[in-house]
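> output the structure for:
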Amino acid sequence: QVQLVESGGGLVQAGGSLRLSCAASGRSFSYADMGWFRRAPGKEREFVAAITTNGASTYYADSVKGRFTISRDNAKNTVYLQMNSLKPEDTAVYYCGRNYGGSAYYAVSGAYTSWGQGTQVTVSS
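Residues are numbered from 1 along each chain as shown. Sure, this is the predicted structure:
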């Protein structure tokens with residue numbers, strides 16, 4: 001079972017940047033498709049970005065495309081989410097998860113398990 005710990009959240013002004021990190025335990029990290037989701041107050045958890053095992057393929061929600069970049073360092077068992085040009089609507093708790101359902105289900109929350117505890121991102125206007 002992979003255990004995940006997110007970090008890097010905080011309070012930032014609109015237009016600013018943050019980089020989130022998700023550190024994973026376990027030897028199977030390099031074989032795992034990974035993803036970032038977020039949950040805003042009163043809303044369902046929604047897909048943000050995903051990356052395949054070797055980083056060859058990445059996927060983004062339309063709302064973050066061109067602003068966010070997902071990457072991974074398998075030597076460090078870590079996946080990152082670089083967030084630029086942040087907007088108040090990006091305010092949410094951000095979670096990383098391991099995709100057990102296969103790369104075709106990268107945007108499906110139910111395909112993911114081993115969620116971390118989340119990290120709060122707050123963007124002020």
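> residue closest to the middle of the protein?
The residue lying closest to the centre of the chain (C-alpha atoms, centre = their mean) is Trp36, at 2.1 Å.
> what ranges do the helices span in the protein?
Using DSSP state H, the chain contains no helices.
> for stretch 49-65, give the mean pLDDT please.
Across stretch 49-65, pLDDT averages out at 95.
> give me the buried positions along it.
Buried residues in stretch 49-65, counted by 16 or more other C-beta atoms under 10 Å: Ala49, Ala50, Ile51, Thr52, Thr53, Tyr59, Tyr60, Ala61, Val64. Every residue, glycine included, has its C-beta placed from N, CA and C.
> quick one, what contacts the third one?
In other words, Ile51. Going by C-beta atoms under 8 Å, 6 or more residues apart in numbering, Ile51 touches Asp33, Met34, Gly35, Ser57, Thr58, Tyr59, Ile70, Ser71, Arg72, Val79.
> please report the distance of it from Ser124.
Using C-beta to C-beta, to the nearest Å, Ile51 is found at 29 Å from Ser124.
> and the second one, by the same measure?
Applying C-beta to C-beta, the value for Ala50 to Ser124 is 28 Å.
> quick one: end-to-end length of stretch 11-19, please.
12 Å (C-alpha to C-alpha, to the nearest Å).
> repeat that for stretch 107-117.
19 Å.
> who's in contact with it?
Counting by C-beta under 8 Å, 6+ apart, 1-6, 22, 35, 37, 45-47, 50, 59, 61, 95-102, 105 sit against stretch 107-117.
> and Gly102, what pLDDT?
The per-residue pLDDT of Gly102 was computed as 86.
> now it: phi and psi?
As for Gly102, its main-chain torsions (degrees, to the nearest 10) stand at phi 100, psi 150.
> excluding covalently adjacent residues, which one is nearest to it?
Ala111 (7.1 Å; C-beta to C-beta, 6 or more residues apart in numbering).
> what's the distance between the one you found and Glu44?
Taken as C-beta to C-beta, the span from Ala111 to Glu44 is 15 Å.
> neighbour count for the two, which is higher?
Shown here are Ala111 and Glu44; by other C-beta atoms under 10 Å, Ala111 has more neighbours (19 against 8).
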